[in-house]
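# fold the following, please.
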Amino acid sequence: MRARLPVLALLLLLAFAGSRPGLAQDTRDLGLPPPSGFQNPVLPPPSGYQNPVLPPQSGQRYMPGIGGPFGEGDYRRAVPPQPPGTGSGVIGTVSPETAALGAETLDRLDQIAPALRRCWQPPMLDGPTAAAAATVRFSLRRDGTLFGQPRVTWEMRRASPGLRERFSNSLIAAVRDCTPMRLSPGLGGSIAGRPITIRFYGRAPSNQRAV
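Take a look at the predicted model:
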């Protein structure tokens, strides 16, 4: 009789525990599901995915396309803006030392500047330290005749006002005296009506002077 009492107590204990399932389970509140119509569910990465998208470190900015999602590689180097008249769009340069072309037919864009040297009469510069430079812009027709009027778009401000005026006038005269130019059909068709910008120097730039 005494041996049956522990067995009976064990059976009663198991029956009591089975009647209270809340004690045998660990329940947690997982929150509410997303509202109906939610279009961007956050899904886990597929099985075996080796490159999870991690949030940036503190202080980093999201910069797509610059060395990685968060700029961990080389940064895109910004091109500094050029000051006015520093050569944007210039296709050729002319100085007193430029070899002039004759009256032959031009078939390349880089031959236009030497062709203008044949007609350019640069003004005299007073002293070895005097300097002058200017840019002239003009357009040609397919047959090489002048389209519109040439105009000076930039002048070196370091030169004196009188020298700047004489220098700019010599550029306009050179363009008018050298037109019409003898252009090949290919070159004439490619530049017809397009602006042509040439830089003139009173002296050859230091990196272009003959040694």
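
# so which helix or strand takes in Ile196?
According to DSSP states H and E, Ile196 maps onto strand 195-201.

# for that strand, buried residues please.
Ile196, Thr197, Ile198, Arg199, Phe200, Tyr201 (16 or more other Cβ atoms under 10 Å). C-beta coordinates here come from the backbone N, C-alpha and C atoms, glycine included.

# dig out what the fourth one forms beta bridges with.
Here Arg199 shows beta-bridge partners Thr93, Thr135, assigned using DSSP bridges.

# do you know the pLDDT at it?
For Arg199, the model assigns a pLDDT of 97.

# what's the longest helix belonging to the chain packed up against?
The single longest helix within the chain, with elements called by DSSP state H, is helix 161-177. Packing partners of helix 161-177 (3 or more Cβ pairs under 8 Å, 6 or more residues apart in numbering; DSSP states H and E): strand 133-140, strand 146-155, strand 195-201.

# TSV for those, including distance to Thr93?
Listed next are the helices and strands packed on helix 161-177 as TSV, based on distance: least, Cβ to Cβ, whole Å:
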stretch	distance to Thr93
strand 133-140	9
strand 146-155	13
strand 195-201	5
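
# Gln121 is nearest to which of those?
Closest approach to Gln121 among the helices and strands packed on helix 161-177 (Cβ to Cβ): strand 195-201, 11.4 Å.

# which parts of stretch 174-188 are buried?
So, applying 16+ other Cβ under 10 Å, buried residues of stretch 174-188: Ala174, Val175, Cys178, Thr179, Met181, Leu183, Leu187, Gly188.

# C-terminal to the longest helix of the chain, what's the next element?
Next element after helix 161-177 (DSSP H and E): helix 185-191.

# could you dump that next one to PDB, C-alpha only?
Below are the C-alpha coordinates for helix 185-191, written out as PDB (Å, rounded to 0.1, in the frame of the first residue of the first chain):
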ATOM      1  CA  PRO A 185      34.100  68.700 -98.800                       C
ATOM      2  CA  GLY A 186      34.400  66.600 -95.700                       C
ATOM      3  CA  LEU A 187      35.700  69.400 -93.500                       C
ATOM      4  CA  GLY A 188      33.300  71.900 -94.900                       C
ATOM      5  CA  GLY A 189      30.300  69.700 -94.200                       C
ATOM      6  CA  SER A 190      31.400  69.000 -90.700                       C
ATOM      7  CA  ILE A 191      32.000  72.600 -89.500                       C
END
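
# what mean pLDDT would you report for it?
95.

# neighbouring contacts of it?
With contact meaning Cβ atoms under 8 Å, 6 or more residues apart in numbering, helix 185-191 is reached by Leu106, Asp107, Arg108, Leu109, Leu140, Arg141, Arg142, Asp143, Gly144, Leu183.

# which among those residues count as buried?
Buried among the contacts of helix 185-191 (16+ other Cβ under 10 Å): Leu106, Leu140, Arg141, Gly144, Leu183.

# of the buried residues of stretch 174-188, closest to Thr93?
Ala174 (13.4 Å).

# ok, now how distant is the closest one from Phe138?
10 Å (Cβ to Cβ, to the nearest Å).

# do Met156 as well
19 Å.

# for the closest residue to Arg182 other than its chain neighbours, what are its contacts?
Once flanking residues are discounted, Arg182 sits nearest to Thr105: 4.6 Å by Cβ to Cβ, 6 or more residues apart in numbering. The neighbourhood of Thr105, defined by Cβ under 8 Å, 6+ apart, consists of Arg182, Leu183, Ser184.

# before I go, just wanted to say thanks for your time.
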